[in-house]
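Undergrad: Quick one, structure for this:
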Amino acid sequence: MLGQGARQTFPHITADDYEGVPSSREVGSYHSHSYLNTVWERNAGERHTIQGCEVYNTGSGGIILGGGSKKSLTPGGNRVTDCRIHDFNRRNKAGAAGVIVDGCGNIVVHNEIYNADLQAIIVHGNEHLFAYNHIHHVALNSNDASAWYLGRDPSDQGNIVRRNFFHDVGRPDRKWMMGVYCDDATCGVLIEENVFYRVASYGTVYSNGGHDIVVRNNIFIEGFGPAYQLKSMWYDFGAYQIPYFFGENGVYTRRLTRAVDIRKPPYSERYPLLKDWLDLLPDGRTFKGMRPRRNVFDRNVLVKYEETFRLVGKYAQTDFGENYMTQSDSVFVDPERLDFRLKENSPVYRELPGFARIPFEQIGPRKASSRTE
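TA: Reported below is the predicted structural model:
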C-alpha cells in the first residue's frame, strides 16, 4: 500500500458517513473513509515504483496505489508495473481489487491481473493511465462487477484505458457483468486501442449516465452481451435516487462543490466542459448532468457479437461513427491461441481508414531485460 490507510473507529460503519482516522501501516477502513473524503491526500509520495512483483493468495486485495493531489490536480507519478497479481480475494470478496488507485496522475502498466471473484482494478481520482495490462478471469463469482471500475464522482476526469487485453471477464450465466464500468455519472474517460474477448454480459463497455466517454479504435470479440451499453439512468432505474445524488447534501453536490469546486480553478480550467454539470435546465428541476452528452463510439471492430449497442432511457446520447462488424474471426493472426493481432491484409484497415494498429504483442509483464522505465 502506497500511502496511509484509515483506522476503524467503531464496529458498524456505513459507506456514506463513515469517518476513520488516517493511519500509516494499516489499510483498515480505507474504503469507507475514502468514499466520504474523496480528496483525501494519503501521503503516498511521488515517482515511486512497484515493479516486477508477484502478489497472490492474499485475503483482501493486492495493491493500493496513492499519490498526487486530486484537489490541486497535481500528479503523483507513482506506478505499478510488470507485476502479476492474482488470487487476491481469499477473505474479503467486496472492494478488494487487484489494484486500487486514487489521487492524481498515477500509472498502472504491463501487469497481469487474474483469478478474482470481483474487480481487477478500482479507480478513484484523476488522470491515471492504465495501459498494456493483461486482465483475465476476473469478476467470476458476482453480479454488478467488472474488470475496471470507476463511479459516483463526475470530477474524476481524465482517466485513460489504453492498449490492454481483457478476456474471460464474468460468466454468461451472470447477467449483470461489465468490462470497463463507468458507473453513476462517471465522466471524461478515454477507452482506446484495447482488445476485449469474451468480456461481460451487460456491456463490454458500460456507462450509467456518463458524459464524455470516448470509445474508439478498440477490438471487441464474442462478448456475452452488447459491446456497448449506455443508460440514461435518471430516466430509468435512477429516477427515485435523484434527491440522494443531487439534493442539498447529495453525493454530487458534496463532491462537486465542496470537496472540489468544478466552477473554480483548477477544475474550471482543466475541465471546462464540466463547469455546467450542476446547472439547471429551463424547467428548474433538471440538472444538466442528468442528460448524457458528448459520448462517442467510433472506429471500433466488433467480431461475433449477437448484440452490438444498447441505449436505455430518454436522452441516452452516444454519437456512433464508422465501426466495422463481422461474424468471422479470420481477420486475426491466430484467434484459437488468443493471438488477436490483425492480419496485415485485414479488411479492417480498408474499411476503417486510420484504424491504428494495436501493439498486442507488447501487452502484459515484460522480461526484466526489456523494461525501459
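Undergrad: Please settle this for me: is residue 242 part of a strand?
TA: No. Residue 242 is assigned helix when assessed by DSSP: H, G, I helix; E, B strand; the rest coil, not a strand.
Undergrad: from memory it sits against residue 234, does it?
TA: Yes. The pair residue 242 / residue 234 is scored as a contact, 6.2 Å apart, by CB atoms under 8 Å. In short, each C-beta sits where N, CA and C put it, glycine included.
Undergrad: Between the two, which is the more surrounded one?
TA: Neighbour comparison, residue 242 and residue 234: the larger count goes to residue 234, with 25 against 16 (by other CB atoms under 10 Å).
Undergrad: so who does that one touch?
TA: 209, 242, 290-291, 313 (CB atoms under 8 Å, 6 or more residues apart in numbering).
Undergrad: which neighbours do residue 242 and residue 234 share?
TA: By CB under 8 Å, 6+ apart, the residues touching both residue 242 and residue 234 are residue 290.
Undergrad: mean confidence for stretch 271-284?
TA: The pLDDT scores in stretch 271-284 average 97.
Undergrad: first vs last residue of it, how far apart are they?
TA: With CA to CA, to the nearest Å as the measure, the ends of stretch 271-284 fall 24 Å from one another.
Undergrad: do stretch 97-114 as well
TA: With CA to CA as the measure, stretch 97-114 spans 10 Å from end to end.
Undergrad: Next: stretch 237-247.
TA: Stretch 237-247 has an end-to-end distance of 18 Å (criterion: CA to CA).
Undergrad: Then stretch 134-150?
TA: End-to-end distance of stretch 134-150: 19 Å, with CA to CA as the criterion.
Undergrad: Give me the distance from it to the chain's centre.
TA: 11 Å (CA atoms, centre = their mean, to the nearest Å).
Undergrad: buried sites along it?
TA: 134-140, 142, 145-150 (16 or more other CB atoms under 10 Å).
Undergrad: what's the answer for stretch 242-257, then?
TA: Those would be 242, 245-246, 250-252, 254-256, for stretch 242-257 by 16+ other CB under 10 Å.
Undergrad: Turn those residues into TSV, columns for secondary structure and distance to residue 69.
TA: Formatted as TSV, those follow (DSSP: H, G, I helix; E, B strand; the rest coil; distance: CB to CB, whole Å):
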residue	secondary structure	distance to residue 69
242	helix	31
245	helix	25
246	helix	26
250	coil	24
251	helix	21
252	helix	21
254	helix	18
255	helix	15
256	helix	17
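Undergrad: Closest one of those to residue 128?
TA: Proximity of these to residue 128 (CB to CB) peaks at residue 255, which lies at 17.5 Å.
Undergrad: Not counting its neighbours along the chain, what's nearest the closest one?
TA: Once flanking residues are discounted, residue 255 sits nearest to residue 153: 5.1 Å by CB to CB, 6 or more residues apart in numbering.
Undergrad: dump the residue contacts of that neighbour.
TA: Counted by CB under 8 Å, 6+ apart, residue 153 has contacts 38, 124, 186, 255.
Undergrad: Now the two most distant members of these.
TA: Greatest spatial distance among these (CB to CB): 38 and 186, at 13.3 Å.
Undergrad: The two - which one has more neighbours?
TA: residue 186 (26 against 22).
Undergrad: And stretch 347-360, end to end?
TA: OK, stretch 347-360 end separation, CA to CA: 18 Å.
Undergrad: Just the buried residues of that stretch, please?
TA: Neighbour-count burial for stretch 347-360 [16+ other CB under 10 Å]: 348-349, 352, 355, 358, 360.
Undergrad: how many neighbours does residue 64 have?
TA: 24.
Undergrad: Tell me the secondary structure of it, please.
TA: strand.
Undergrad: and it, what does it touch?
TA: Applying CB under 8 Å, 6+ apart, we find residue 64 in contact with 1-3, 5, 27, 30, 99-100, 102.
Undergrad: Take those and keep only those in strands.
TA: Under the assignment DSSP state E, the contacts of residue 64 contribute 5, 99-100 to strands.
Undergrad: Of the residues you listed - the most surrounded one?
TA: For the ones in strands among the contacts of residue 64, the largest number of neighbours (other CB under 10 Å) sits with residue 99, at 28 neighbours.
Undergrad: Quick check, pLDDT for that residue.
TA: On pLDDT, residue 99 comes in at 98.
Undergrad: Pull up the gap between residue 262 and residue 208, please.
TA: Shown here: residue 262 relative to residue 208, a distance of 19 Å by CB to CB, to the nearest Å.
Undergrad: Mind checking which of the two has more residues around it?
TA: Higher neighbour count among residue 262 and residue 208: residue 208, with 26 against 22, using other CB under 10 Å.
Undergrad: top helix in this protein by residue count?
TA: In the chain, with assignment by DSSP state H, the single longest helix is helix 30-36.
Undergrad: Report all helices and strands that that one contacts.
TA: strand 5-7 (3 or more CB pairs under 8 Å, 6 or more residues apart in numbering; DSSP states H and E).
Undergrad: where does this structure have low pLDDT?
TA: Where the chain drops to pLDDT under 70, the residues are 11-17, 373.
Undergrad: Farthest-apart pair in the contacts of residue 64, please.
TA: Going by CB to CB, the pair spanning the contacts of residue 64 furthest: 5 and 99, at 15.6 Å.
Undergrad: Reformat the contacts of residue 234 into CSV and put secondary structure and distance to residue 335 next to each item.
TA: Shown next, in CSV, are these (three-state DSSP; distance: CB to CB, whole Å):
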residue, secondary structure, distance to residue 335
209, coil, 35
242, helix, 45
290, helix, 41
291, coil, 40
313, coil, 35
